[in-house]
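Peer 1: Build the 3D model from these lines:
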Amino acid sequence: MSSPGTQLESSGSAEPKPKLHVLLVEDNPLDAESVLRALGADGFDVTSVLVQDEAGFTSALHTRCAEVVLADYNLPSWKGMEALAILRREGLDIPMILVSGALGDVNAVECIKQGATDYVLKDGLARLPEVVRRALREKSERTWRRQAEEDLARKVDELARSNADLEQFAYVASHDLQEPLRMVTAYTQLLAERYRGKLDENADKFIAYAADGAQRMQVLIRDLLAFSRVGGKEAPGSVDCNAVMKDVLQALAAAIEESAAVVRHGELPVVWADRTQVAQVFQNLIGNAIKFRGKEPPLVSVQAEQAGQQWQFSVSDNGIGIAPEYAENVFVVFQRLHGRAEYPGNGIGLAICKKIVEHNGGKIWVESQAESGSTFKFTLPCCHHEEEKGAQS
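Peer 2: Numbering: from 1, shown residues only. This next block holds a predicted model:
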């Protein structure tokens with residue numbers, strides 16, 4: 001009876017029944033018949049293979065994969081729980097339900113801890129069909145969840161590869177375009193110097209357009225190169241934002257003096273990020289506050305407050321503001337809300353800020369009304385020892 005070929009089938013019914021192939025680990029044919037009868041009486045169209053030892057169990061798995069394993073706890077030469085180790089070794093997600101004459105609560109709990117799906121006593125087979133149905137539902141949910149996780153992981157990998165390819169393309173394209181563009185710029189400038197006033201008025205105008213276009217293209221390519229470089233393999237570390245702010249204000253000293261701007265900041269925290277990139281965010285936001293000023297001298301305030309495991313920064317100004325409908329657009333690459341005649345630039349600074357902040361695990365947004373100033377807010381992770389200090393307080 002240890003042969004895996006011993007087949008037992010329940011009697012059919014005129015009505016269609018859900019098919020169920022069971023692998024029975026049982027040494028008593030009468031008990032096996034009782035188990036199949038209980039399943040058949042509750043609407044299953046059951047086929048089964050009866051085995052009593054490890055060899056028969058392994059052979060039956062390879063012959064036809066069962067949908068559920070029903071195993072007696074104790075057999076003369078084997079234990080039903082040992083079937084669980086074989087299922088794991090074979091990499092099979094098949095529910096295993098213990099069907100035993102006397103198991104005991106302590107043993108039952110221990111078996112479930114080890115991975116058994118459930119247990120049913122042989123004198124309570126009436127509950128077996130529902131236990132089987134629940135086990136099959138749980139397996140279906142696991143399969144669906146695993147498939148969804150695999151699909152998500154695959155799409156994340158594809159997206160990462162696509163982004164990496166796009167960044168590499170942007171870097172290579174912008175880098176390789178610089179040399180021919182330098183030649184165009186040099187020769188248009190040479191034309192302007194040698195032939196200005198020697199040709200007609202239209203010629204001077206056309207040469208000026210070409211020179212200006214070439215110079216603007218150079219700036220665009222440099223900006224695109226800077227944008228493509230964000231998100232590389234920079235290793236994050238502990239960044240003192242007070243020290244960063246000191247460097248940024250020094251870099252912006254000429255613009256601050258020229259515009260009579262006042263830049264104030266409170267005590268700033270230590271964050272976990274890339275120092276150069278944090279400096280770039282502060283410099284872009286404060287630089288924009290100075291650039292997009294109103295009639296009054298710029299007043300810029302930089303503050304920070306802790307929000308859970310992140311620091312939330314705010315950069316507020318009294319400038320021209322941003323209409324709420326453009327609050328998302330300002331972070332798009334090369335998106336400009338004003339003409340170049342009004343304000344210089346290519347509209348890439350805020351896009352770089354967004355990419356830097358998100359690359360370092362934060363988010364950035366703006367709160368503003370037209371003609372009422374703007375407040376740019378962004379978050380960055382707390383430094384590791386700051387997190388521990390916050391958890392202790």
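
Peer 1: what mean pLDDT would you report for the helix ranked longest in the chain?
Peer 2: Ranked by residue count, the top helix of the chain under DSSP state H comes out as helix 128-195. Average pLDDT, helix 128-195: 84.

Peer 1: same question, stretch 313-320
Peer 2: 93.

Peer 1: List the buried residues of it.
Peer 2: 313, 315, 316, 317, 318, 319, 320 (16 or more other CB atoms under 10 Å). Every C-beta, even on glycine, is put in place using the N, C-alpha and C of the backbone.

Peer 1: Equivalent analysis for stretch 157-169, please.
Peer 2: residue 167.

Peer 1: for stretch 281-294, same thing?
Peer 2: Here stretch 281-294 shows 281-293 as buried, counting by 16+ other CB under 10 Å.

Peer 1: Helices - which of the residues you listed land there?
Peer 2: 281, 282, 283, 284, 285, 286, 287, 288, 289, 290, 291.

Peer 1: Excluding covalently adjacent residues, which one is nearest to the fourth one?
Peer 2: Nearest residue to residue 284, sequence neighbours excluded (CB to CB, 6 or more residues apart in numbering): residue 349, at 4.2 Å.

Peer 1: and the one you found, what does it touch?
Peer 2: 284, 287, 288 (CB atoms under 8 Å, 6 or more residues apart in numbering).

Peer 1: Using CSV, lay out those together with pLDDT and distance to residue 210.
Peer 2: Below are the contacts of residue 349 laid out as CSV (pLDDT from 0 to 100; distance: CB to CB, whole Å):
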residue, pLDDT, distance to residue 210
284, 91, 30
287, 92, 29
288, 91, 30
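
Peer 1: Just to check, residue 307 is in contact with residue 380?
Peer 2: No: with contact defined as CB atoms under 8 Å, residue 307 does not reach residue 380; the gap is 10.6 Å.

Peer 1: Can you list the low-confidence ranges for the stretch 1-150 of the chain?
Peer 2: Applying pLDDT under 70 to the stretch 1-150 of the chain flags residues 1-15.

Peer 1: scratch that, the stretch 201-350 of the chain is what I was asking about
Peer 2: For the stretch 201-350 of the chain, the ranges with pLDDT under 70 are 223-224, 228-229, 231-234, 334-347.

Peer 1: When residue 307 and residue 380 are compared, which one has more neighbours?
Peer 2: residue 380 (27 against 10; other CB atoms under 10 Å).

Peer 1: With adjacent residues omitted, what lies nearest to that one?
Peer 2: Residue 380's closest residue in space is residue 271 (CB to CB, 6+ apart), at 4.3 Å.

Peer 1: OK, contacts around that neighbour?
Peer 2: Counted by CB under 8 Å, 6+ apart, residue 271 has contacts 238, 239, 241, 278, 311, 380, 381, 382, 383.

Peer 1: any idea how far the residue nearest to residue 284 is from residue 220?
Peer 2: Distance, residue 349 to residue 220, by CB to CB, to the nearest Å: 13 Å.

Peer 1: Let me know how buried the closest residue to residue 143 other than its chain neighbours is, in neighbour terms.
Peer 2: Of all residues not flanking residue 143 in the chain, residue 93 sits nearest, at 7.2 Å (CB to CB, 6+ apart). Neighbourhood size, residue 93 [other CB under 10 Å]: 10.

Peer 1: quick one: secondary structure of residue 93?
Peer 2: coil (DSSP: H, G, I helix; E, B strand; the rest coil).

Peer 1: Hmm, it is touching residue 145, no?
Peer 2: No: Residue 93 lies out of contact with residue 145 (CB under 8 Å); the separation is 11.4 Å.
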